[in-house]
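Novice: A structural model of the following input is requested.
(one chain, ligands or ions: 1)
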Amino acid sequence: MARLNDHYLKLAAGYLFPEISRRMNAFSEANPGADIIKLGIGDVVLPLAPTIRQAMHEAIDELATPEGFRGYGPSEGYDFLRETIARNDYVDRGVRIEPDEIHVSDGSKCDSANIQEIFASDATVAVTDPVYPVYVDTNVMAGRTGEADETGRYAGLEYLPCTRENGFLPALPERPVDMVYLCSPNNPTGVVTPRDELRKWVDWARANGSIILFDAAYERFITEDLPHSIFEIDGARECAIEFRSFSKTAGFTGIRCAYIVIPKELEGRDSRGGSVSVAQLWSRRTNTKFNGVSYPVQRAAEAVYSEAGRKEVQANIDYYMTNARLILDGLAKTGLTTFGGVNAPYVWLKTPNGLDSWQFFDQLLEKAHVVGTPGSGFGAHGEGYFRLSAFGLREKVEEAIERISSSLG
Ligand code: MLT
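Specialist: Presented below is the predicted three-dimensional model:
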C-alpha cells in the first residue's frame with residue numbers, strides 16, 4: 001500500500017463546520033418536523049447585488065464573442081481588478097499599496113491555508129486561542145506540530161490565549177516565531193485589534209524577524225474608528241501579509257474571490273541566511289498551482305467598487321449588522337453575556353449555567369431548534385463560549401432570538 005501523510009492523522013476527526021452539519025442532520029432526521037434556524041457557519045444569505053450580477057452577465061456575454069473571448073488569465077489576477085483594489089481599498093484610504101502587491105485568489109480560506117507552504121517546513125508558528133481552525137489544521141498537515149493533547153492543542157504550536165480578562169486581545173508571543181496568525185475583526189470573537197495593539201505587534205514582528213499573517217476578511221463590517229488594515233501601521237510593509245475577501249463583504253461565498261497583499265519590502269530568510277522576497281515565492285507557488293479566478297468573477301469583484309455596487313454591498317452589510325445588533329439586544333434581555341457583534345458579523349457569548357460549548361449547542365438545537373457554533377471548536381480557550389452568526393434572513397434571526405430566549409427562560 002502507498003504511504004500517506006501521517007500528519008493528517010493528528011487532526012481532530014472532522015473539520016468544525018461539517019461536524020456541526022452532521023449533528024444538525026442527525027437531529028433533523030430524528031425530528032423531521034423541526035424547523036431549524038442556522039446561525040452556525042458564517043454564510044451569506046442575501047441575493048447577489050444587481051450591479052454585480054450585471055457585471056458578471058456582461059463578462060459572460062463578452063466571452064461569447066470572437067473579439068471578447070479569453071482563455072487562461074493571469075494567475076494572480078487581471079490588472080483591472082488589482083488596480084481597482086489597490087486604489088479603493090488602500091490608496092484612497094491613505095495606505096500605500098501597489099497593484100502588483102495584490103494577488104487575486106479564489107478565497108481567504110485557501111489563501112490563509114496555503115500561505116504556510118512558502119515557509120520553512122520547521123518554521124515556528126503562533127496562533128490565537130480561540131482561532132479560525134484553518135490556520136492550525138494546515139500547519140498540522142504540513143508537519144509543523146506534534147500530537148494534540150486532550151484539549152486539542154498541538155505540541156509545538158504557540159497558543160496565545162484570548163480571554164474575557166484580556167479583552168480577547170492576545171499577548172505577544174513569549175519567544176520569536178517565524179509566523180503568527182492574527183484575525184481582525186476576529187473570527188470567532190468579533191473583536192477588532194485597536195491601533196495601539198497593532199502597533200505593538202508590528203514593532204514586535206520587526207524586532208523578532210517574524211511575519212504577521214493578518215486576516216482582515218471581515219474588515220468591511222467595522223462600524224467604529226478602528227484599523228481596517230495592518231498596513232495602516234508604519235513598518236507593517238516589512239513584516240506583514242494581509243488577507244481580504246469578497247465572500248462576506250459582497251456575497252461571494254459561492255462565487256469565490258479574495259486577495260492577499262504582500263508588500264515588496266517583505267523578505268524572509270533561506271536556509272543559507274540569504275534574504276528572499278516573500279511575494280516572489282508566493283507568485284512562484286501561485287503560477288505553479290493555480291490558473292487564476294475566472295474572468296466573469298473578477299469583473300463581478302470589480303463591480304463591488306462601482307458607485308452603485310458600493311451602495312448595494314453596503315446595504316447588505318448594514319442588514320447583517322442590524323441582525324447582529326438584534327442578537328446582542330435580544331440576548332442581553334435573557335441575561336446572557338455577549339461580546340463582539342459591533343464591528344463583526346459574529347456574536348460571541350458565554351454559555352450559561354456552566355454548560356460546556358457542545359452541551360449548549362445540543363441544548364439550543366433540541367430546545368430552540370437553533371444551530372450555532374460551539375466555542376471549543378475554535379480552541380481550548382473557546383470552551384464555555386458559543387458563536388452566533390449574524391448572516392441570516394431578518395425574520396429567521398428574530399425568530400431565533402425569541403426561541404433562544406424562551407429556551408433559556
Ligand atoms: C465561519 O463560519 O467561521 C466561516 O464561514 C468559515 C469560513 O469563512 O471559511
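
Novice: Excluding chain neighbours, what is closest to whatever residue of the stretch 201-350 of the chain ends up closest to the ligand?
Specialist: In the stretch 201-350 of the chain, the residue that lies nearest the ligand is Ser247 (6.3 Å; CB to the nearest ligand atom). C-beta coordinates here come from the backbone N, C-alpha and C atoms, glycine included. The spatially closest residue to Ser247, leaving aside those adjacent along the chain, is Thr253, at 4.6 Å (CB to CB, 6 or more residues apart in numbering).

Novice: Can you give me the domain boundaries for the protein?
Specialist: Annotated domains of the chain cover 6-47+308-408, 52-306 [automatic domain parsing].

Novice: Redo the ones you listed as TSV? Include mean pLDDT.
Specialist: What follows is the domains of the chain, written out as TSV (pLDDT from 0 to 100):
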stretch	mean pLDDT
domain 6-47+308-408	95
domain 52-306	98
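
Novice: could the ones you listed be laid out in JSON lines, adding mean neighbour count?
Specialist: Output for the domains of the chain, formatted as JSON lines (neighbours: other CB atoms under 10 Å):
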{"stretch": "domain 6-47+308-408", "mean neighbour count": "18"}
{"stretch": "domain 52-306", "mean neighbour count": "19"}
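
Novice: Am I right that the residue of the stretch 201-350 of the chain closest to the ligand is in contact with Val44?
Specialist: Yes. If you go by CB atoms under 8 Å, Ser247 and Val44 touch, sitting 7.4 Å apart.

Novice: what touches both of these two?
Specialist: Thr253 (CB atoms under 8 Å, 6 or more residues apart in numbering).

Novice: Might you name the residue of this structure sitting closest to the ligand?
Specialist: Closest point on the chain to the ligand, by CB to the nearest ligand atom, is Gly42, at 3.3 Å.

Novice: Which residue, other than its chain neighbours, is closest to that residue?
Specialist: Ser389 (4.5 Å).

Novice: just checking, that neighbour touches Gly40?
Specialist: Yes. At 6.6 Å, Ser389 counts as touching Gly40 under the criterion of CB under 8 Å.

Novice: Which residues are in contact with each of the two?
Specialist: Common neighbours of Ser389 and Gly40, counting by CB under 8 Å, 6+ apart, are Gly372, Thr373.

Novice: mind checking the SS state of the closest residue to Gly235 other than its chain neighbours?
Specialist: Of all residues beyond its chain neighbours, the one nearest Gly235 is Val202 (5.0 Å), with distances taken as CB to CB, 6+ apart. With DSSP: H, G, I helix; E, B strand; the rest coil as the basis, Val202 sits in helix.

Novice: rewinding a little: separation between the residue of the stretch 201-350 of the chain closest to the ligand and Glu98?
Specialist: In this view, Ser247 and Glu98 are 24 Å apart by CB to CB, to the nearest Å.

Novice: ditto for Asn187
Specialist: 28 Å.

Novice: What of Ile404?
Specialist: Ile404 is 47 Å from Glu98, by CB to CB.

Novice: Spell out the residue ranges of the helices in the stretch 251-400 of the chain.
Specialist: Ranges of helices in the stretch 251-400 of the chain, per DSSP state H, counting those that start in this stretch, are 278-289, 295-303, 307-334, 357-363, 394-408.

Novice: which residues sit against the last one?
Specialist: Going back to what we said before, that points to helix 394-408. Taking CB under 8 Å, 6+ apart as the rule, helix 394-408 contacts 37, 39, 319, 322-323, 326-327, 330-331, 333-336, 352, 363-364, 367-370, 388, 390, 392.

Novice: again, but for the shortest one
Specialist: When contacts are defined by CB under 8 Å, 6+ apart, helix 357-363 is touched by residues 20, 23, 351-352, 355, 371-377, 382-386, 407.
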